[in-house]
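> quick one: sequence plus predicted model below, questions after.
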Amino acid sequence: MNPSNPPLEIHDMTVAYHKRPVLYGIDLVVPGGKLVGVVGPNGAGKTTLIKACLGLLPLSSGWVKYFGQAYRESKSRVGYVPQRESVDWDFPVNVSDVVLMGRYGKTSLFMRPTREDRAIARECLDKVKMLPYADRQISNLSGGQQQRVFLARALAQESDVYFMDEPFSGVDAATETAIIELLHELRDQGKTIIVVHHDLPTAKEYFDMLLLLNMRVVAFGDTEEVFTSELLQRTYGGRLTILSEVVDVVKQQEER
Amino acid sequence: MILSRAWAWCLLICCLTQPVFADRIGDVVDTHVWEQAARFFTFRDPSLRYALAGALLLGISCGVLGSFIVVRKMALMGDTLSHAVLPGVAAGFLWSGTKDPLVILVGATIAGLLGTFLVSVIRQTTRIKEDACMGLVLGSFFAVGICLLTRIQKMETGNQSGIDKFMFGQAAALNADDIRLMALCTVVVLLLVSLCYKGLLAASFDQDFAVSLGLPVRILHYLLMGLLTFSIVVSLQAVGVVLVSAMLITPAATAYLLSDRMHRMILYAAGFGTVSGALGVFLSFQGNNLPTGPFMVVGASSFFLIAFMIAPRHGLVVRWLRRLRRSRRIQFENTLKGMHRVLEDRDFVGDGVSLRELAELRRETIEDVRKRVRALVRAGQATLGEDGNMAYFTPDSRSTAMRIVRNHRLWELYLTNEANYDADHVHDDAEKIEHVLGEEIVRQLERKLNYPAQDPHGKRIPGIQEIQEDGVRPAAAGAGLGYGESR
């Protein structure tokens, strides 16, 4: 892997939601083969960061590159696990249908999933130990099982960079362990995984690197270096009250 | 909502059409119901053949598209679209002066697109939320459409034009050109949906993920809206503006209750759409060309009602039966548990439990207890002695009783040990949980609690082996293993 082309590079990225800036001037270079945790208070823009990286939200400025290429050219190398609550679990599909969707980007829109696609989907289901539930309708799953299905769908994408939005929220202890083992396995295969995480104590345990985020990058580095009370204080301490006030003023003026 | 509206419209129509047809009853008095039905099933009338073909075609396209509308939670959008096309229909007629299907199609499509465009403009520029925007556009477009229609009917050519059929639909007014257009529409819908099925499915389930895969989600959305407009417009003559959205939503909603896979739901929806369409034509024909739309929707709604009642997994009756069965089982289990505890209280001496003892333990009258035991006997879970005052376990029911007691005591122990409940707080909770604990969870509990012998009140917890053995060989084994020693 060319060291000058890191898996993920973000340059001066600013993102606004309904004209209201949520992320300011994000600069980030994530090296390969790392498990990165993104932590920060509510409203810090963690989900926004992921969505902006995936082109789901327009950037006000800056750019994102994967392996030195724009997202448009590298879509097949980027995988995504959205928040579990973002979909309707009463949707009429079963577990293997959902995992198969991870393969949809691999072939043209008009092509049916191939036998190989189905085999890969089954393999991924097996990796998260959900193969016995392959034919279940998704509303009959527990929270942890739903999360595993989402994970299997992302595995089926066979990407090099993964974004995961709170994969540990609302799952049972067994699932949490299973997921973290899987993430370590992926990391050891040289993949880069960026995980939005809510729980500070486990964040220290789980991740190689941490990104402390609060509307801008407070700190980014190896977990031991970044996980200090001073930096955490700065992330969670609400020192940015003036910044968010200014944001409100700007918004009000634009609406006038 | 759609459903209730459909019924309301139907009532209205029945009232409205009465005076219109009153003067024609003289003509139809000699056509008997059966003769009329026979005429229907021999397909003698060409207009009937067209009407049926139209109903089938619109049933298919509405069912297919409706399935996507329902799972994408866009039902109200379908309603808005169908009402918004009315001014386009009227304008198309005014423009061409005749009922030219092509001009009307173009006018209606423009009006429909304008309506959806307005919805998104209002939503984005004001703080009015989407549902209100839709209501706004729906109402105003529909009103304009009605105003134009009344003008047309005042015109000389307008009266015989059949433009009024667009309100409630008249499948008998379809001609060969209309059918060709509907067939084209249905073929296009089927072709595009099956071609883009993968993308439509992914985008409907998880839009963000579909975008991240690089699927053309926005184009697919417009494609769906385009097909929707197209098929609403070509269905208008047969179903009418007022009810076309019901033909989109009702068959699809029925199918949703009956299936757990999207492709099956689409298939069922198309089936229900077709059958209710044909039913509508038949009933309309029977009533001497009453408006078709309401009858189609009544048919579709009846199917929904049936599915709502007896759908295998989501149906009302099925759920009710399931609940009934569960509460019956819980009652049985409670009675059996009581019998076990009576035996336990006297250290498993003897096999029979007298109804008086059981009544004392359960704090009920002997009559009540007798009823419970009789129910058990009827279900083959107990036997009554000859005098009718002693109840005995069957081998099966003895292990059921022990299983419930074990569940109860394990759960109590779990709550006190692991969840720090006080010992006097756990009983009521365990009374409910004991009936729902599965074998797997019970094993987990045992492991977690290190195979305990006693519950928090010092009573013995039967182990799995005892339950299996005791089912066959009751009191002796129990005594050997030291039942009741803790008391």
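That came in fine, so what should we check first?

> for stretch B:98-105, buried residues please.
B:K99, B:P101, B:V103, B:I104, B:L105 (16 or more other Cβ atoms under 10 Å in any protein chain shown). Yep, even glycine has a C-beta here, placed from its N, CA and C like the rest.

> A:V39 and chain B, how far apart?
A:V39 is 22 Å from chain B, where distance means Cβ to the nearest Cβ, to the nearest Å.

> and that residue, its phi and psi?
phi -120, psi 160 (degrees, to the nearest 10).

> list the contacts for it?
A:K46, A:H197, A:H198, A:L200, A:A203, A:L210, A:L211, A:L212, A:L213, A:T235 (Cβ atoms under 8 Å, 6 or more residues apart in numbering or on different chains).

> who does the closest residue to the fourth one other than its chain neighbours bridge with?
Spatial nearest neighbour of A:L200, chain neighbours left out: A:V39 (6.4 Å); criterion: Cβ to Cβ, 6 or more residues apart in numbering or on different chains. Applying DSSP bridges to A:V39 yields these beta-bridge partners: A:L212.

> does stretch B:194-211 come close to chain A?
Yes - applying Cβ under 8 Å from any Cβ of the partner chain, one finds stretch B:194-211 touching chain A at B:195-196, B:198-199, B:201-202, B:204-206, B:208-211.

> what's next to that stretch, contact-wise?
Contacts of stretch B:194-211 (Cβ under 8 Å, 6+ apart): A:51, A:54-56, A:80, A:82, A:86-88, A:91, A:93, A:97-98, A:101, A:104, A:109-113, A:153, B:68, B:71-72, B:193, B:213, B:215-217, B:220-221, B:223-224, B:262-263.

> buried stuff in it?
Within stretch B:194-211, judged by 16+ other Cβ under 10 Å, the buried ones are B:196-211.

> start and end of it, how far apart?
20 Å (Cα to Cα, to the nearest Å).

> mean confidence for it?
Average pLDDT, stretch B:194-211: 95.

> and what of stretch B:373-384?
90.

> got the end-to-end distance for that stretch?
8 Å.

> and that stretch, which residues are buried?
Using 16+ other Cβ under 10 Å as the test for burial, stretch B:373-384 gives B:V373, B:L376, B:Q381, B:A382, B:L384.

> about what we covered before: and the contacts of stretch B:194-211, which of them are in helices?
A:51, A:97-98, A:153, B:68, B:71, B:193, B:217, B:220-221, B:223-224, B:262-263 (DSSP state H).

> scan those residues and report the most crowded one.
Within the ones in helices among the contacts of stretch B:194-211, most neighbours by other Cβ atoms under 10 Å in any protein chain shown means A:R153, with 28 neighbours.

> got the residues of the stretch 51-200 of chain B near chain A?
Counting by Cβ under 8 Å from any Cβ, the stretch 51-200 of chain B sits next to chain A at B:V71, B:K73, B:L195, B:C196, B:K198, B:G199.

> the same query, at a cut-off of 7 Å, please.
When proximity is defined by Cβ under 7 Å from any Cβ of the partner chain, the stretch 51-200 of chain B lies next to chain A at B:V71, B:L195, B:C196, B:K198, B:G199.
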